[in-house]
Structure formats: structure tokens, C-alpha cells
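Visitor: what's the 3D shape of this:
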Amino acid sequence: MKYFKDISETELKSKKERTLRAAWIISLLGPLATAVVFLLGRTNVLLADLFRRSSELLALFLSWIVFRKVERGSNVRYNYGYHRLEDIASFLVGMVMIISFVVVFYNSLGRLLDPDPSGWLIPGVILSGLGFLVNGWFWQRNYRLNHRESTPVFESQWRLYRVKTLIDFGVVLTLSFEIYMGSGMLAIYVDFLVSVLIAGFLLISGGFMVKDALMALADRAPLDVEEIFSELQNLNDQFSSLQEIRCRSAGGLIFIDIQVEFAADQKIDKIKQVEKKITDRLHDRFSNLEVQVIPVDKTDNNSQEKDCKL
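Guide: This next block holds a predicted model:
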């Protein structure tokens, strides 16, 4: 069960929900423990870590709420489901990472320009070491769950935990070096360098997540319509023409609406057979699809044979 291949969809969803719930509950301890450690250590690295853990707690709690809403929501009022909430959650997680970049970089630069003596750093090393182990476990688990069935929430989760793991590792190294070297300028330079590297990783990862989420929220077509046309070429003798294809993504799903022109005297049974052939062909080629074939009467439609709008 390396990538949860042998479990059912129901069990997979249950594991995902439990993982998200455990993540934010465990993360409740992070800001509290980091606040105590910061008061003991009095370094800007720990202050930045306090802001980071607090913002991450909010992102993790939000991701859990969104996942529950998507899985249990009704499509009565929201006909495409609540999958847009997954894109919004992914966007907010990305923004949390960008905000963390600002906090980490600002505090690191401030300490470089105005260095202060450090306090007791051993509790910070212990806390970050534990964080490295816990976050590393969540990183791998979220990655495997997302590999089994990819969604924006779990795509953002494993990326977030990858960043959290690397940051905790960087904090352990930095604080350990300061303990060994003391509070001299060399330790401060190393502290600044590691913090900048962490901040840069936060910015890049968060930027990509925000970009992808905005593209989905703006209804950018996730598939090339020409690819869809090419997949249906072998079926063009089954109908008069393809009039229009629209596709959009929401959460981990891709919705495709296809207007297909049939002759006015075409029988319903034949139309249903063609609809199934089109749906099956697209499902074989692409994953996570919801396809809707819309029959159009040839006598009422004067569109050109290949009028495609996105």
C-alpha cells in the first residue's frame, strides 16, 4: 500500500479527512510551544517561526473545513459542487507561504543590521527537531494520498509540509550552529543565509500555488480543445458535427461540455449510444472528468462545423 492503491474510494476519503484533522489539531501546539521557546531564546529566527506556525495553523484548519464541505456538500444550489472551495483553499495556503516569506526575510534582515545576543537556544533545537520529524511524516503521507487521487487541497498540503519540514531542518541547523559558535557575527551571517534560503523557497512554492489557483478560479481551460477534437475524430461519422466545446476545472475535476449536432431525424437510442462513445473515449484519454454531451438539432443550428469557444 505504498500509495494507498489497494483501498476503496470511501476508505481513501476517510483517511484524507483524518489526516487533515490530525494535522491542524497537532499544529495547535506549534504556536504555543514556539512562543515559549522564543521568550527563552530571543532570536528573530524563533520569532519568524512563531509567525509562520500561527499562519500555517490557520491554513491547515481551513483546508480541513473545505475538504469536509466538498465531500459532504449538496449539488442542489451549487450544481458543479463545492470544488471551487478547494481552489480557494489552495490559494490561501499559497498566500500563507508568501506571508511567511515576508516575515522570515524581514526579521532575518533586521537581526543582520541590528544583532542582539541570543538566549537559551536548546529548547528551540528540540522543538524544531520534533517539528522536522512530525512534518516530514505528514509530508510523505499527504504526498501518497495525493498520488492516489490528486486534489488541490492535498496538492497544497504536501507542498506546504515539504516547506515546513525543510524550514524546521534549517532552524535546527541554524540554532545548533549558534550554540556551538556563540553569538558572534559568523553565527549571525549563517543565520541570515539560512533564513534567506528558507524565505526564497517559501516564495517560489507559494507563488506557484497561488498562480495555479488563480488560473482555476479564472476558468482557464485545463485542456487543449484541439486535443479533445483529435480524440473524437474517429467518431465523426456518428454525428453531423461538433459545434462547441467548453471546459473548466474546479477542485480536482475537469468539466467538459460538448455540443454535438445530429440530424433532425436521428433516433434517441442512436444519440445515447454516441454520447456514451464520446464519454468513454474522453475518460480513456483524460482523468478526473465529468463530461456532458449536449445534442443539437441540425435544422436549428447554422453554426460552422468546428466553431470552438472557450
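
Visitor: enumerate every residue touching the residue most central in space within the chain.
Guide: Nearest to the centroid of the C-alpha atoms of the chain, with distances taken as C-alpha atoms, centre = their mean, sits Ser156, at 2.5 Å. In this structure, Ser156 makes contact with Ser63, Ala89, Ser90, Val93, Gly94, Met209, judged by C-beta atoms under 8 Å, 6 or more residues apart in numbering. Every residue, glycine included, has its C-beta placed from N, CA and C.

Visitor: buried ones in the helix or strand hosting it?
Guide: Here Ser156 sits within helix 152-181, counting by DSSP states H and E. Residues 152-172, 174-179 are the ones in helix 152-181 that count as buried (16 or more other C-beta atoms under 10 Å).

Visitor: same check, this time on stretch 267-278
Guide: Using 16+ other C-beta under 10 Å as the test for burial, stretch 267-278 gives Ile271, Val274, Glu275, Lys277, Ile278.

Visitor: okay, buried residues for the helix or strand harbouring Val96 please.
Guide: If you go by DSSP H and E, Val96 is part of helix 84-113. Going by neighbour count (16+ other C-beta under 10 Å), the buried part of helix 84-113 is 84-101, 103-105, 107-108, 111-112.

Visitor: same question, stretch 204-213
Guide: Neighbour-count burial for stretch 204-213 flags Ser205, Gly206, Met209, Val210, Asp212, Ala213 (criterion: 16+ other C-beta under 10 Å).

Visitor: list the buried residues in stretch 254-261.
Guide: Neighbour-count burial for stretch 254-261 flags Ile254, Phe255, Ile256, Ile258, Gln259, Val260, Glu261 (criterion: 16+ other C-beta under 10 Å).

Visitor: so how far is that stretch off the chain centroid?
Guide: 27 Å (C-alpha atoms, centre = their mean, to the nearest Å).

Visitor: residues in contact with that stretch?
Guide: By C-beta under 8 Å, 6+ apart, stretch 254-261 touches 80, 222-223, 228, 239-249, 274-275, 278, 282, 286, 288-298, 301, 303.

Visitor: domain parsing of the chain, as residue ranges.
Guide: Domain assignment for the chain by automatic domain parsing gives 9-217, 225-300.

Visitor: thinking again about what came up before, okay, the angle between the helix holding Ser156 and helix 84-113?
Guide: Interaxial angle of helix 152-181 relative to helix 84-113 (axes from the mean of the first three to the mean of the last three C-alpha atoms, to 10 degrees): 20 degrees.

Visitor: now helix 152-181: average pLDDT?
Guide: Averaged across helix 152-181, pLDDT comes to 82.

Visitor: switch to numbering from 542
Guide: Let's use 542 as the start, then, which means that last one is helix 693-722.

Visitor: picking up where we left off before, which single one of the contacts of Ser697 is nearest to Ser596?
Guide: Nearest to Ser596, judged by C-beta to C-beta, of those is Val634 at 9.7 Å.

Visitor: hang on, the closest one packs against Ser746?
Guide: No - Val634 lies out of contact with Ser746 (C-beta atoms under 8 Å); the separation is 9.8 Å.

Visitor: from Arg689, how far out is Ala600?
Guide: 22 Å (C-beta to C-beta, to the nearest Å).

Visitor: what's the answer for Arg700, then?
Guide: Arg700 is 16 Å from Arg689, where distance means C-beta to C-beta.

Visitor: name the nearest of the buried residues of stretch 745-754 relative to Ala728.
Guide: Distances from Ala728 to these, taken by C-beta to C-beta, are shortest for Ser746, at 27.2 Å.

Visitor: that closest one and Leu707 touch, don't they?
Guide: No - using C-beta under 8 Å, Ser746 is not in contact with Leu707, being 9.7 Å away.

Visitor: what about Leu598, neighbour count?
Guide: Neighbour count for Leu598, taken as other C-beta atoms under 10 Å: 20.

Visitor: before we move on, back to that, just the buried residues from the contacts of stretch 795-802, in ChimeraX please.
Guide: To isolate the buried subset of these in ChimeraX, counting by 16+ other C-beta under 10 Å, use the following:
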select :763,764,769,780,781,782,783,784,785,786,787,788,789,790,815,816,819,823,827,832,834,836,837,839
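
Visitor: what distance do you get for Phe827 to Glu772?
Guide: From Phe827 to Glu772 the distance is 8 Å (C-beta to C-beta).

Visitor: appreciated, that's everything.
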